[in-house]
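*Asks:* Just a sequence and a predicted model for now, questions to come.
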Amino acid sequence: MNYTFVVLGVILVVILYILYNVFTQGKTELASYRKLGGPTIKLSDLQSPASPKYYLLIWLYATKLPTAELNIYKIDNYPKLTLMPSGVLQYTPAANKTTTITDNFPLERWTCVVLSVTGSGIDAFMDGKLIKSQSVSMATPTASSQIVEGSGTDAANIFIAKFERVPNAIDPSDAWDKYIAGNGGNPLYNFLKRFGVNLILSKDATEQSRITFPNLP
(Lines give C-alpha, C1' and ligand atoms only; values in the text may rest on other atoms or scores of the structure.)
Protein backbone atom coordinates (compact mmCIF):
# COMPACT_ATOMS: atom_id res chain seq x y z
CA MET A 1 0.00 0.00 0.00
CA ASN A 2 1.26 3.47 -0.90
CA TYR A 3 0.97 5.19 2.48
CA THR A 4 2.05 8.51 1.00
CA PHE A 5 -1.11 8.70 -1.09
CA VAL A 6 -3.22 7.62 1.87
CA VAL A 7 -1.85 10.54 3.88
CA LEU A 8 -2.33 12.90 0.92
CA GLY A 9 -5.89 11.66 0.53
CA VAL A 10 -6.66 12.40 4.17
CA ILE A 11 -5.12 15.87 3.82
CA LEU A 12 -7.25 16.47 0.70
CA VAL A 13 -10.44 15.54 2.54
CA VAL A 14 -9.56 17.91 5.40
CA ILE A 15 -8.81 20.75 2.95
CA LEU A 16 -12.11 20.25 1.11
CA TYR A 17 -13.99 20.19 4.41
CA ILE A 18 -12.36 23.48 5.45
CA LEU A 19 -13.13 25.05 2.06
CA TYR A 20 -16.74 23.96 2.26
CA ASN A 21 -17.15 25.54 5.69
CA VAL A 22 -15.45 28.75 4.59
CA PHE A 23 -17.63 29.15 1.50
CA THR A 24 -20.87 28.40 3.38
CA GLN A 25 -20.03 30.26 6.58
CA GLY A 26 -23.02 31.82 8.25
CA LYS A 27 -25.66 30.36 5.95
CA THR A 28 -28.98 29.61 7.59
CA GLU A 29 -31.65 27.65 5.75
CA LEU A 30 -35.01 29.14 6.70
CA ALA A 31 -37.11 26.62 4.75
CA SER A 32 -36.28 23.58 2.65
CA TYR A 33 -39.68 23.04 0.98
CA ARG A 34 -43.16 24.10 2.05
CA LYS A 35 -46.00 26.52 1.37
CA LEU A 36 -45.50 30.21 2.02
CA GLY A 37 -46.68 31.39 5.41
CA GLY A 38 -44.22 29.90 7.86
CA PRO A 39 -43.56 31.18 11.37
CA THR A 40 -41.90 34.52 12.03
CA ILE A 41 -38.12 34.17 12.16
CA LYS A 42 -36.12 36.21 14.67
CA LEU A 43 -32.74 37.37 13.42
CA SER A 44 -31.43 36.89 16.93
CA ASP A 45 -31.71 33.15 16.27
CA LEU A 46 -29.42 33.44 13.21
CA GLN A 47 -25.72 34.07 12.77
CA SER A 48 -24.57 37.71 12.58
CA PRO A 49 -28.11 39.12 12.91
CA ALA A 50 -27.03 42.75 12.69
CA SER A 51 -24.76 42.35 9.67
CA PRO A 52 -25.19 45.35 7.29
CA LYS A 53 -24.42 43.00 4.40
CA TYR A 54 -26.55 39.93 3.72
CA TYR A 55 -28.55 38.18 1.06
CA LEU A 56 -31.81 36.30 1.03
CA LEU A 57 -32.28 33.56 -1.55
CA ILE A 58 -35.64 31.93 -2.19
CA TRP A 59 -37.10 29.59 -4.79
CA LEU A 60 -40.72 30.38 -5.63
CA TYR A 61 -43.44 28.31 -7.32
CA ALA A 62 -46.85 29.92 -7.87
CA THR A 63 -49.89 27.91 -8.97
CA LYS A 64 -51.84 31.14 -9.50
CA LEU A 65 -51.35 34.86 -8.98
CA PRO A 66 -52.57 36.47 -5.76
CA THR A 67 -55.86 38.36 -5.63
CA ALA A 68 -54.20 41.20 -3.71
CA GLU A 69 -50.66 42.39 -2.98
CA LEU A 70 -48.81 39.51 -1.32
CA ASN A 71 -45.62 39.95 0.69
CA ILE A 72 -43.38 36.97 0.04
CA TYR A 73 -41.23 38.12 2.94
CA LYS A 74 -40.01 41.24 4.65
CA ILE A 75 -37.46 42.10 7.32
CA ASP A 76 -39.39 44.36 9.67
CA ASN A 77 -40.84 46.80 7.11
CA TYR A 78 -37.96 46.82 4.61
CA PRO A 79 -36.64 45.27 2.52
CA LYS A 80 -39.63 43.31 1.30
CA LEU A 81 -40.35 41.12 -1.69
CA THR A 82 -43.89 41.37 -3.10
CA LEU A 83 -45.96 39.58 -5.76
CA MET A 84 -48.81 41.57 -7.28
CA PRO A 85 -52.09 40.36 -8.88
CA SER A 86 -50.82 41.72 -12.21
CA GLY A 87 -47.86 39.33 -12.15
CA VAL A 88 -45.34 41.99 -11.13
CA LEU A 89 -42.66 40.77 -8.73
CA GLN A 90 -41.09 43.72 -6.96
CA TYR A 91 -38.90 44.61 -4.04
CA THR A 92 -38.93 47.61 -1.74
CA PRO A 93 -35.62 48.41 0.00
CA ALA A 94 -36.94 51.56 1.71
CA ALA A 95 -40.06 53.71 1.84
CA ASN A 96 -41.24 54.84 -1.62
CA LYS A 97 -38.43 52.93 -3.37
CA THR A 98 -40.29 50.05 -5.02
CA THR A 99 -38.52 48.46 -8.00
CA THR A 100 -39.82 45.83 -10.45
CA ILE A 101 -37.89 42.59 -10.90
CA THR A 102 -40.25 41.21 -13.54
CA ASP A 103 -43.68 42.28 -14.81
CA ASN A 104 -44.61 38.74 -15.83
CA PHE A 105 -43.85 36.34 -13.01
CA PRO A 106 -43.95 32.77 -14.40
CA LEU A 107 -46.55 30.36 -13.08
CA GLU A 108 -46.10 26.67 -12.38
CA ARG A 109 -42.33 26.61 -12.54
CA TRP A 110 -39.60 27.22 -9.98
CA THR A 111 -37.99 30.68 -10.02
CA CYS A 112 -34.90 31.68 -8.03
CA VAL A 113 -34.93 35.19 -6.53
CA VAL A 114 -32.05 36.75 -4.58
CA LEU A 115 -32.00 40.10 -2.82
CA SER A 116 -28.47 41.06 -1.81
CA VAL A 117 -27.87 44.00 0.52
CA THR A 118 -24.38 45.34 -0.12
CA GLY A 119 -24.09 47.94 2.62
CA SER A 120 -24.45 50.81 0.14
CA GLY A 121 -27.43 49.50 -1.79
CA ILE A 122 -29.19 46.38 -3.02
CA ASP A 123 -28.85 43.96 -5.93
CA ALA A 124 -31.74 41.88 -7.26
CA PHE A 125 -31.20 38.59 -9.12
CA MET A 126 -33.72 36.38 -10.88
CA ASP A 127 -32.76 32.92 -12.14
CA GLY A 128 -29.10 33.73 -11.64
CA LYS A 129 -29.13 37.01 -13.61
CA LEU A 130 -28.58 40.46 -12.15
CA ILE A 131 -31.80 42.37 -12.82
CA LYS A 132 -31.22 45.56 -10.88
CA SER A 133 -28.45 47.17 -8.86
CA GLN A 134 -29.17 50.39 -7.05
CA SER A 135 -27.63 52.63 -4.42
CA VAL A 136 -30.08 53.30 -1.63
CA SER A 137 -29.90 54.03 2.07
CA MET A 138 -31.32 51.10 4.01
CA ALA A 139 -31.98 50.37 7.64
CA THR A 140 -29.51 47.93 9.17
CA PRO A 141 -31.21 44.93 10.79
CA THR A 142 -30.83 44.45 14.52
CA ALA A 143 -30.95 41.36 16.69
CA SER A 144 -34.62 42.14 17.36
CA SER A 145 -35.49 42.31 13.63
CA GLN A 146 -37.78 39.65 12.20
CA ILE A 147 -38.34 37.95 8.86
CA VAL A 148 -42.07 37.76 8.25
CA GLU A 149 -43.68 35.79 5.41
CA GLY A 150 -47.01 36.50 3.74
CA SER A 151 -50.02 34.48 4.86
CA GLY A 152 -53.66 33.87 4.05
CA THR A 153 -55.50 32.31 1.11
CA ASP A 154 -53.15 33.74 -1.52
CA ALA A 155 -50.08 32.44 0.31
CA ALA A 156 -51.49 28.91 0.02
CA ASN A 157 -50.90 29.13 -3.74
CA ILE A 158 -47.18 29.84 -3.31
CA PHE A 159 -44.59 27.15 -2.61
CA ILE A 160 -41.09 28.02 -1.47
CA ALA A 161 -37.85 26.05 -1.35
CA LYS A 162 -34.27 26.53 -0.26
CA PHE A 163 -35.08 29.80 1.50
CA GLU A 164 -31.81 30.93 3.05
CA ARG A 165 -30.08 33.91 4.59
CA VAL A 166 -26.33 34.52 4.48
CA PRO A 167 -24.70 37.45 6.35
CA ASN A 168 -22.67 38.53 3.31
CA ALA A 169 -23.47 40.13 -0.04
CA ILE A 170 -23.43 37.84 -3.09
CA ASP A 171 -21.67 38.54 -6.39
CA PRO A 172 -23.13 37.75 -9.84
CA SER A 173 -21.02 34.63 -10.42
CA ASP A 174 -22.07 33.10 -7.09
CA ALA A 175 -25.70 34.03 -7.73
CA TRP A 176 -25.48 32.17 -11.05
CA ASP A 177 -23.90 29.15 -9.34
CA LYS A 178 -26.72 29.13 -6.79
CA TYR A 179 -29.28 29.10 -9.58
CA ILE A 180 -27.49 26.34 -11.51
CA ALA A 181 -27.25 24.24 -8.33
CA GLY A 182 -31.06 24.18 -8.24
CA ASN A 183 -33.41 24.01 -5.30
CA GLY A 184 -32.62 20.53 -4.10
CA GLY A 185 -29.88 17.94 -3.95
CA ASN A 186 -26.97 17.50 -1.60
CA PRO A 187 -25.25 20.85 -0.92
CA LEU A 188 -21.89 19.20 -0.22
CA TYR A 189 -22.04 17.36 -3.57
CA ASN A 190 -23.04 20.56 -5.38
CA PHE A 191 -20.05 22.30 -3.82
CA LEU A 192 -17.48 19.58 -4.45
CA LYS A 193 -18.46 18.94 -8.08
CA ARG A 194 -17.02 22.35 -8.97
CA PHE A 195 -13.47 21.19 -8.18
CA GLY A 196 -10.90 18.87 -9.70
CA VAL A 197 -7.61 18.00 -7.97
CA ASN A 198 -4.12 16.97 -9.08
CA LEU A 199 -1.80 15.47 -6.44
CA ILE A 200 1.90 15.39 -7.38
CA LEU A 201 4.52 13.49 -5.37
CA SER A 202 7.99 14.91 -5.96
CA LYS A 203 11.50 14.28 -4.71
CA ASP A 204 14.33 16.80 -5.11
CA ALA A 205 12.00 18.91 -7.28
CA THR A 206 11.47 15.94 -9.64
CA GLU A 207 8.00 14.53 -10.12
CA GLN A 208 7.82 10.92 -8.99
CA SER A 209 4.13 10.17 -9.45
CA ARG A 210 0.82 11.88 -9.93
CA ILE A 211 -2.82 11.14 -9.14
CA THR A 212 -5.75 13.07 -10.62
CA PHE A 213 -9.26 13.51 -9.21
CA PRO A 214 -11.49 14.96 -11.95
CA ASN A 215 -14.55 17.12 -11.31
CA LEU A 216 -17.53 15.14 -10.09
CA PRO A 217 -20.16 14.62 -12.81
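*Replies:* Structure's in. What do you need? Since we're looking at a predicted model, the values are computed, not measured. Numbering: from 1, shown residues only.
*Asks:* quick one: Tyr61 from Leu130, how far?
*Replies:* 22 Å (Cβ to Cβ, to the nearest Å). C-betas here are computed from N, CA, C, even on glycine.
*Asks:* Could you check which of these two is surrounded by more residues?
*Replies:* Applying other Cβ atoms under 10 Å to Tyr61 and Leu130 shows that Tyr61 carries more neighbours, namely 19 against 15.
*Asks:* Could you pull out the strands in this protein for me?
*Replies:* For the chain, the strands defined by DSSP state E occupy 28-35, 41-42, 54-62, 70-75, 80-83, 89-92, 99-102, 111-117, 121-126, 129-135, 146-149, 158-166, 197-203, 206-213.
*Asks:* counting contacts, what elements does the shortest one pack onto?
*Replies:* What it means is strand 41-42. Of the remaining helices and strands, those touching strand 41-42 by 3 or more Cβ pairs under 8 Å, 6 or more residues apart in numbering; DSSP states H and E are strand 146-149.
*Asks:* who does the strand it packs on touch, helix- and strand-wise?
*Replies:* Against strand 146-149 (3+ Cβ pairs under 8 Å, 6+ apart) you get strand 41-42, strand 70-75.
*Asks:* Let me have the ones you listed in JSON lines, adding mean pLDDT and distance to Val136 as columns.
*Replies:* Formatted as JSON lines, the helices and strands packed on strand 146-149 follow (pLDDT from 0 to 100; distance: least, Cβ to Cβ, whole Å):
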{"stretch": "strand 41-42", "mean pLDDT": "90", "distance to Val136": "24"}
{"stretch": "strand 70-75", "mean pLDDT": "95", "distance to Val136": "15"}
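*Asks:* from these, which stretch is densest packed?
*Replies:* Comparing the helices and strands packed on strand 146-149 by mean neighbour count (mean count of other Cβ atoms under 10 Å), strand 70-75 comes out on top with a mean of 21.
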